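J.: Task: produce atomic coordinates for the following.
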Amino acid sequence: MSLVLVILWSVVPIYWALKSSLQTESDARSRPAQYVPVHPTLDNFRTLLVGNGDLASGIRQSLLNIVIECAAATVVTVTLAALAAYAFARFKFRGRTVLFYTVLATMAFPPYTTLIPLYRIMSSAGLVNTYTGIVLVYVSGFLPLAVWVLHNYFTSIPESIEEAGLVDGANRLQVFWRLVLPLAIPGVISIALITFLFGWAQFLFPLVLSTDLSTQPLTVQIAALQGRHIVPSTLMSAAGMLAIAVPAVIALGFNRYIVNGLLAGSTK
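T.: Numbers count the residues shown, from 1 in each chain. Down below sits the predicted model:
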């Protein structure tokens, strides 16, 4: 029974937003309330995606912003995490253990404790209202988890495979690129998906670091619409459905890769 209540608590608001997004404003405000759209329409989505006006152009720009920011953060995070994790897993250097656990320890700090310092740093560097500033903040937050997961993947790969490559004349970088990385593809995919989803869900950091539409992601732009009383509730619902559509598709379509990747990466 408790599981049913939890599911209803999670699903009903999403269903209600979807229902509203498929209605006209007059149907959505009708009394008694319609629990199923009588005359479903995609006009709200057409208005946001191909319509004219400041509202539609703002939604499209913020949608482009969030895709650029999440994609860039994912590429940078996965690249840096793969190199760092491989170095921690295979190279012997002074302070390796201390440095590795220091990186992991940063995951214990609430991320919002760094919000003001990060804003001051980005402001002094002229990176407020830029893609670069937002991507750097995302990478700094997502990198420790990515390093941890990929480190476990690399340590689970037998060193004999790399030794065979070195004997055949490959250098360390070629061994990493051609032998090790392909074997760690499940971990790379899982980290890429998780990083993208984490970036898509961000709100407070981009709210502070992007004060105009040039870099504001969709999540921040939708929240800004709530203060505009002239925005129809059906358009607000359609914008909300656009915001959850991409992570929903990724979570449902690649759930096996995310779960299997994390489970495999957690064992040595």
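J.: Show me the shaky parts of the stretch 1-150 of the chain.
T.: The model of the stretch 1-150 of the chain has pLDDT under 70 over residues 31-32.
J.: how about a cut-off of 90?
T.: The stretch 1-150 of the chain contains residues with pLDDT under 90 at 1-41, 50-56, 58, 90-97, 103-117, 145, 149.
J.: Run through the helices of it in chain order.
T.: In the stretch 1-150 of the chain, the segments counted as helices under DSSP state H, counting those that start in this stretch are 2-21, 25-28, 43-50, 54-90, 96-105, 115-124, 131-156.
J.: Then the stretch 151-268 of the chain?
T.: Secondary structure of the stretch 151-268 of the chain (DSSP H, counting those that start in this stretch): helices located at 159-167, 172-175, 181-183, 185-201, 204-209, 218-225, 233-253, 255-265.
J.: nearest to Met241, of the helices of the stretch 1-150 of the chain?
T.: Closest to Met241 of those is helix 2-21 (Cβ to Cβ; 5.0 Å). No exception for glycine: its C-beta is placed from N, CA and C like everyone else's.
J.: quick check: angle from the closest one to helix 233-253?
T.: 130 degrees (axes from the mean of the first three to the mean of the last three Cα atoms, to 10 degrees).
J.: Check which residues of helix 2-21 are buried.
T.: Neighbour-count burial for helix 2-21 flags 17-21 (criterion: 16 or more other Cβ atoms under 10 Å).
J.: which of those residues lies closest to Pro232?
T.: Nearest to Pro232 out of those is Ser20 (Cβ to Cβ; 9.5 Å).
J.: Can you verify my assumption that the closest one contacts Thr234?
T.: Yes: with contacts counted by Cβ atoms under 8 Å, Ser20 reaches Thr234, the gap being 5.3 Å.
J.: shared neighbours, these two?
T.: Residues touching both Ser20 and Thr234 by Cβ atoms under 8 Å, 6 or more residues apart in numbering: Ala28.
J.: Can you name the residues in contact with stretch 126-139?
T.: With Cβ under 8 Å, 6+ apart as the criterion, stretch 126-139 contacts 65, 68-70, 72-73, 76-77, 80, 118-119, 122, 125, 195, 198-199, 202, 205-206, 209-212, 214-215, 217.
J.: make that stretch 209-228, sorry
T.: 55, 58-59, 61-63, 65-66, 69, 118-119, 122, 127-131, 133-134, 137, 200-203, 206-207, 231, 236, 239-240, 242-243.
J.: what's the answer for stretch 238-253, then?
T.: Outside stretch 238-253, the residues that reach it (Cβ under 8 Å, 6+ apart) are 14, 17-18, 21, 44-45, 47-49, 59, 63, 193, 196-197, 200-201, 218-219, 221-222, 225, 258.
J.: among those residues, which ones are buried?
T.: Among these, those classed as buried by 16+ other Cβ under 10 Å are 17-18, 21, 44-45, 47-48, 59, 63, 193, 196-197, 200, 218-219, 221-222, 225, 258.
J.: can you list the helices of the stretch 151-268 of the chain in JSON lines and add mean pLDDT?
T.: Putting those into JSON lines (pLDDT from 0 to 100) gives the following:
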{"stretch": "helix 159-167", "mean pLDDT": "87"}
{"stretch": "helix 172-175", "mean pLDDT": "88"}
{"stretch": "helix 181-183", "mean pLDDT": "89"}
{"stretch": "helix 185-201", "mean pLDDT": "91"}
{"stretch": "helix 204-209", "mean pLDDT": "91"}
{"stretch": "helix 218-225", "mean pLDDT": "86"}
{"stretch": "helix 233-253", "mean pLDDT": "88"}
{"stretch": "helix 255-265", "mean pLDDT": "67"}
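J.: Thank you, goodbye.
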